[in-house]
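Student: pasting a predicted model and its sequence here:
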Amino acid sequence: MKEIALFPLNIVAFPGEAVNLHIFEPRYKALVNDCLANNTTFGIPSYVLNKIELGTEVEIIEVTKKYEDGRMDIKTRAKDVFQVFDFWNPWGDREYAGGKIDIIEHENDIADPSLLYQFKEMSARLFGWLGETDVPDISTIASIYDIGHKIGLKPEEEYRLLQMGDENERLRFGIKHLEHLLPALERAHNAQERIKQNGHFKHLDPLKF
């Protein structure tokens, strides 16, 4: 276990994800400045279920802009998922929160090739239906975390992915989600096409009895 500065947010940060933040509150400006001065990380507990329980450790990659009033834009990269055992606000004599965390070690994070292929194939179909272009090359995807924010999961469903300690369990969850979502998209598309035809002249073959 270790103690770390904590920045609770109503988001889920997946390991490996780039997380860009605009820092404007005085306490979090202090947090970022302390991390920069001491070359330390901080944690983002995911407050999507109205509790401080799981989160992701992040490292600051770059301060992209500083404002005259001390606000700043920063680029961070999410690293490991952690569980919070103690949460203090404030953390000692600091302005911001902190806590005692333990990194969750995933014993089996090697994806089953067949599950990964199925997930990637279904994701490609989803992006095709949506016309989505702001996604990684499907061939480069190695984990559901790579596109977890792009497949239409609710925040609480994204949080469930953090709770799962096995990549194959996460892939099965994603596949099941897409198995429900893709037919619904197809039905919506077909309904839209039928609606477009209303009011237009139609050439119809007569029924033969």
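Tutor: Received, thanks.

Student: just for this protein, where's the confidence low?
Tutor: 107-108, 188-209 (pLDDT under 70).

Student: could you pull out the helices in the protein for me?
Tutor: 26-38, 113-130, 155-163, 167-197 (DSSP state H).

Student: helices or strands up against the third one?
Tutor: What it means is helix 155-163. For helix 155-163, the packing partners by 3 or more C-beta pairs under 8 Å, 6 or more residues apart in numbering; DSSP states H and E come out as strand 54-66, helix 167-197. Every C-beta, even on glycine, is put in place using the N, C-alpha and C of the backbone.

Student: looking at these, which is buried most?
Tutor: strand 54-66 (a mean of 17; mean count of other C-beta atoms under 10 Å).

Student: specify the angle between that strand and helix 26-38 in degrees.
Tutor: Going by axes from the mean of the first three to the mean of the last three C-alpha atoms, to 10 degrees, strand 54-66 is angled at 80 degrees with respect to helix 26-38.

Student: pull the residues that contact strand 54-66.
Tutor: Outside strand 54-66, the residues that touch it by C-beta atoms under 8 Å, 6 or more residues apart in numbering are 4, 6, 8, 12-15, 18-20, 32, 35-36, 41-46, 72-84, 101, 103-104, 159, 162-163.

Student: put the buried members of those residues into a PyMOL selection.
Tutor: One line in PyMOL is enough to select the buried ones among these; burial here means 16 or more other C-beta atoms under 10 Å:
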select buried, resi 4+6+8+12+13+14+15+19+32+35+41+42+43+44+45+46+72+74+76+77+78+79+80+81+82+83+84+101+159+162
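
Student: residue 90 touches residue 97, doesn't it?
Tutor: Yes. Using C-beta atoms under 8 Å, residue 90 makes contact with residue 97 at a distance of 6.5 Å.

Student: those two: who's more crowded?
Tutor: Legend: neighbour count by other C-beta atoms under 10 Å for residue 90 and residue 97, higher for residue 97 (21 against 11).
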